[in-house]
Structure formats: C-alpha cells, structure tokens
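Student: show me the folded form of this:
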Amino acid sequence: MTAPLPVLIVRFGALGDVVLATPLLRAIARAHPAAVVTFVTKEAWAPLLAGHPHVAHVEALAPGESVRALAARLHRGAWAHKLDLHGSLRSRALRILVGGRWRGYRPPRLRRAVRVWTGAAVRPVTPVAEQYFAAARDLGVVPDGGPAHVASSPADVARAAAVMPHAPYVVLAPGAAHATKRWPTSHWDRLTTLLEARGLGTVVAGAADDAGRVTLRAAVTACGIGLGPTAALLRGAAAVVAGDTGLMHLATAVAAPVVALFGPTDPTLGYAPYRARAVVLGRDLPCRPCSTYGGAHCPMRHHRCMIDLTPDEVERAVEALLA
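Tutor: Here you go, the predicted structure:
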C-alpha cells in the first residue's frame, strides 16, 4: 500500500483566487493518488472546498482568529509538502509559525505595474491558475488544460432549486468589491428587460447587499443564499453576466457560459475567464487599464470603461453564447 502524501496548501482569499487554485488540486490528485490535501483559507470561502473531491480537509481561519492559533492547529501535521499560494504578510507569518520548508510562487507584479502605470502593451500574463503551479514544482505537476472546478452538495442544489425560475434563466452578478468594476444599475435593469423580452428569466446573485443593484421586480433575487447554493444556481444557468469578480470565476468553475465585463482591469493580466466558454467585453480607452484589481472611484471621473458597455451589446453576447 502506498503511504499517504500529506500536502498543506494555503490561499486565504479572495473568492476568485481560491477558485483558481482548483486546477492545481486536480493535477496533484492525478499525479499523486496518495496525496492528502489540507487547504487553508478564510472561513468565508471554506464551503467551496468542503466537499471538493481533491481536498481531504479544509482548515478555516475564522474572523478575528489569530494566525498563531491557526498555526497551532496545523503544527500537528507532518506535511510532506507545504505550498503558499498567497504570499501575503499573513501567509508568511503562518509559514514562520508552522516552520519547515515551504514553496511559493512569484506573481508578475512588475509586468502588471508597467501595463497599468504606463499603458504600454505587455506580453500577456500567465493565467493565475497556472501561476500557482510554480509553488508545486517539487510535485512535478503541470496544468492539464482543464477549467477550475467547484462541486455542489445535495443541500446546496436543494437551496438553489428553491429560487430557480422554471424557464431558462440568466444569472446577473452586479456586485464587486471595488466600485469601479460595477456596471451601472440602469444598465442591469435595461439588460433584464431585454432578456425577459427573449423569454429568459433573470436571477440576481451575490452578497446580500447586492440585491439593490438590479431594481426591476422581474429579476428574481438570490443574493445572500450562500456560496454553495450560489454555485449550484450558476451551474443551472443558461448564461452568467458578471464583472471581473470572484463570482465570474465561480461561474467558470461550474461550467456556466459567461459574459465577462472588464472595465478598469485588463483580462490579459491573468484574470480572464479560465478555460471557459466565455465572451469578454471591454472598451479600448486611453485610460484603461487604470488598475490591476479595481478601485474605489474612477481616476478620470467618467467611468466610461463600464458605462460605455451597453446593455444591448451584452444582450447580443448572451445570445451568441446561447446560439
């Protein structure tokens, strides 16, 4: 019998980054069937990995919990490999407290900075999902060309079914952590009207406070139902419309066709929909990209990168995916 191969992987967040770690999990499982993976993340993202076929255990950092307390739980494990997919101050502190040899990766910060601050064209950045493989170099794994993957539990499916329309539906994901990534509410409302006219139901997904970003009553609200049920809801969608956000990546991980709206950010910097059936929409403006991850306000005070993406254009992109 092959001895277990205990592997510790750390990625605290955010949502999209955790989702994009799943191709690495699959590659480790295929190359090393004896691998027993413990994945460390924030409590908010733990439900995505709790039932994952390639994760044996999820160690969740609770809100307000110290890294020292987390390290005390992990220190009991005899890890053959320890991978840091985050590279933050918190993950570095965890590495010191747990001890031993760790492997990490180097994000292409310089190339991203050159693109954002000078506007100069740069060679496209390796997708984030594939950047993570550098941390697993001792395991000899390579990307298999497949997408990210998130599983849904029966309870998640049942919770999602309670809010799913009976007709084919499109999920609208209007929220974003950074304000500059958000499409205007008036655009979401117009898109809802266009889709409804084509016989497509609409469901608004996201955090609880995202519900008000689509105001038409025709749209079903499924905000705040939890990440697991949201993943199941996305899986059943005819298409998903989202900005450059974690929910966009979650949609790709459940094989939903995606229309991705890129405003202040640039999909060539590593965060384009990964190995997915997707249409990426953006405007070629002299001020774009103005940020790698988005910001609180438009530096130019016009927000044209998002406003100029019209609902009619997005509706046509949805129709193209459904054709």
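
Student: angles on the backbone of Ala239, please.
Tutor: Note on Ala239: its backbone torsions stand at phi -160, psi 160 [degrees, to the nearest 10].

Student: and Trp188, which of the three is it?
Tutor: helix (DSSP: H, G, I helix; E, B strand; the rest coil).

Student: how near is the residue lying closest to it once chain neighbours are set aside to Thr192?
Tutor: By the measure of C-beta to C-beta, 6 or more residues apart in numbering, the closest residue to Trp188 outside its immediate chain neighbours is Val214, 4.5 Å from it. C-beta coordinates here come from the backbone N, C-alpha and C atoms, glycine included. Distance from Val214 to Thr192, counting by C-beta to C-beta, to the nearest Å: 6 Å.

Student: joint contacts of those two?
Tutor: Applying C-beta atoms under 8 Å, 6 or more residues apart in numbering, one finds that Val214 and Thr192 are jointly contacted by Leu172, Thr202.

Student: if we can go back for a sec, wait, what's in contact with the residue nearest to Trp188?
Tutor: Shown here is Val214, whose contacts under the criterion C-beta under 8 Å, 6+ apart are Leu172, Pro174, Thr185, Trp188, Asp189, Thr192, Thr202, Val204, Thr221.

Student: could I have the ChimeraX command that selects the buried members from those?
Tutor: Isolation of the buried members of those (16 or more other C-beta atoms under 10 Å) is achieved in ChimeraX through the command below:
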select :172,174,188,189,192,202,204,221
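
Student: strands along the chain, start to end?
Tutor: 5-10, 35-42, 57-61, 81-84, 169-173, 201-204, 220-221, 239-243, 258-261, 278-281 (DSSP state E).

Student: by how many degrees do the fifth one and strand 239-243 diverge?
Tutor: In this case it means strand 169-173. 10 degrees (axes from the mean of the first three to the mean of the last three C-alpha atoms, to 10 degrees).

Student: so what touches strand 169-173?
Tutor: Taking contacts as C-beta under 8 Å, 6+ apart, the residues outside strand 169-173 that touch it are 188, 191-192, 195, 200-206, 210, 214, 219-220, 233-234, 236-243, 245, 247-248, 251, 256, 318.

Student: show me which of the contacts of Val214 is closest to His297.
Tutor: Nearest to His297 among these: Thr185, at 16.7 Å, using C-beta to C-beta.

Student: just give me the neighbour total for the closest residue to the closest one other than its chain neighbours.
Tutor: Nearest in space to Thr185, with sequence neighbours left out and distances taken as C-beta to C-beta, 6+ apart, is Arg213 at 5.5 Å. Here the neighbour count serves as a burial measure; for Arg213 (other C-beta atoms under 10 Å) it reads 20.

Student: thanks again, I'm all set now.
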